[in-house]
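S.K.: Got a predicted model here, sequence first, then my questions.
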Amino acid sequence: MIPIKTPQEIKIMAEAGKILAEIMKEIKSAVKPGITTNELNKLAQELVFKSNTIPAFLGYDDFPAVLCTSINEVIVHGIPSEYVLKQGDILSLDLGIMYKGYFSDMAITMPVGEISIEAWQLIRAVKKSLSIAIKKARPGNTLGDVGNTIERYLEKRGLCVVKELCGHGIGRKLHEEPEILNYGKRKKGEELKQGMVLCLEPMAGIGIGKIKKAPDRYGLQTIDNSLSAHFEHTIAITSNGNRILTE
């Protein structure tokens, strides 16, 4: 069963989302060629604790960091390291926090310096697919409507949806029901209702879309080492549509 949140719970989660968005903004501004992903993780940790929130990922399934830093072919869950970011890389940042007992989660993919046209097109397309999926996430529509919207938009642009990974519900737990696929059939799946809080997170690549474990054993990457991108917002379904909480 998908948990339904009260207006007061959504208010708290909106506060959490605003804090998270501000932290992500500061981390994003620090990304440049020459910085290591460990340095970004240290900054994230400082900002999370300064905001009097709790890092959601640290220790989750033994994950050893506050921030996920996934580079180029790594889609999600990349571990920060002494890797020095270089011009032409693309970097996915994924961060979650807990605030007053409730979780919030968001992700962005961004360029490191000048990047290829192909990389820019990938980033723009995945970001746009999240935007149009959010518009589709409203009472009366279904999870299949949301997934189908993402899938059709990305495939029309020659990209492959990563079908082995998905979004999720969120609340008092980081991952709640339902699983939110980035593909599907219209009018199929769970109907969206006021009070649901969901993490929509399209993931796509320029290759075949299959995945494998990354060398760090935590990250998941494209099986053909092709570029990938990932965007995520936490949203609440409202009576007249939805509200993006991580803004």
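M.R.: Everything's here; your move.
S.K.: Quick one: list the elements packing against the longest helix along the chain.
M.R.: Using DSSP state H to define each element, the chain has its longest helix at helix 7-30. Applying 3 or more C-beta pairs under 8 Å, 6 or more residues apart in numbering; DSSP states H and E, one finds that helix 7-30 contacts helix 37-50, strand 90-99, strand 102-111, strand 197-200, strand 233-238, strand 241-244. Using the backbone N, CA and C atoms, a C-beta is placed for each residue, glycine as well.
S.K.: what does that helix contact?
M.R.: Residues external to helix 7-30 that are found in contact with it (C-beta atoms under 8 Å, 6 or more residues apart in numbering): 5, 39-40, 43-44, 47-48, 51, 53, 67, 93, 95-106, 108, 110, 170-171, 195, 197, 234, 236, 243-247.
S.K.: if we can go back for a sec, deepest of the helices and strands packed on helix 7-30, which one?
M.R.: Ranked by mean neighbour count, the helices and strands packed on helix 7-30 are led by strand 197-200 with a mean of 26 (mean count of other C-beta atoms under 10 Å).
S.K.: Now it - C-alpha only, CSV.
M.R.: In CSV, the C-alpha atoms belonging to strand 197-200 read as follows (Å, rounded to 0.1, in the frame of the first residue of the first chain):
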residue,chain,number,x,y,z
VAL,A,197,4.9,11.7,-2.0
LEU,A,198,7.2,10.3,-4.7
CYS,A,199,10.7,10.4,-6.0
LEU,A,200,10.6,10.6,-9.8
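S.K.: So what touches the helix or strand just after that strand?
M.R.: Going down the chain from strand 197-200, the next helix or strand is strand 203-205, by DSSP states H and E. Residues from elsewhere that reach strand 203-205 (C-beta under 8 Å, 6+ apart): 73, 75-76, 122, 125-126, 129, 154, 159-162, 165, 182, 222, 226-230.
S.K.: Filter those residues down to the ones in helices?
M.R.: Reading helices off these with DSSP H, I get 122, 125-126, 129, 154.
S.K.: For those residues, which entry has the maximal number of neighbours?
M.R.: Val126 (28 neighbours; other C-beta atoms under 10 Å).
S.K.: Spit out the contact partners of that one.
M.R.: Here Val126 is in contact with 109, 154, 159, 202-204, 229-231 (criterion: C-beta under 8 Å, 6+ apart).
S.K.: Val162 versus Gln204, what's the distance?
M.R.: In this structure residue 204 is Ala, not Gln. According to C-beta to C-beta, to the nearest Å, Ala204 stands 6 Å off from Val162.
S.K.: who has more neighbours, these two?
M.R.: More neighbours surround Ala204 than the other of Ala204 and Val162, with 29 against 24 (other C-beta under 10 Å).
S.K.: Now do the shared contacts for Ala204 and Val162.
M.R.: With C-beta under 8 Å, 6+ apart as the test, Ala204 and Val162 both reach 182, 228.
S.K.: where's the residue nearest to Pro64 when sequence neighbours are not counted relative to Gly144, distance?
M.R.: Nearest non-adjacent residue to Pro64, counting by C-beta to C-beta, 6 or more residues apart in numbering: Ile79, 6.4 Å away. Distance, Ile79 to Gly144, by C-beta to C-beta: 34 Å.
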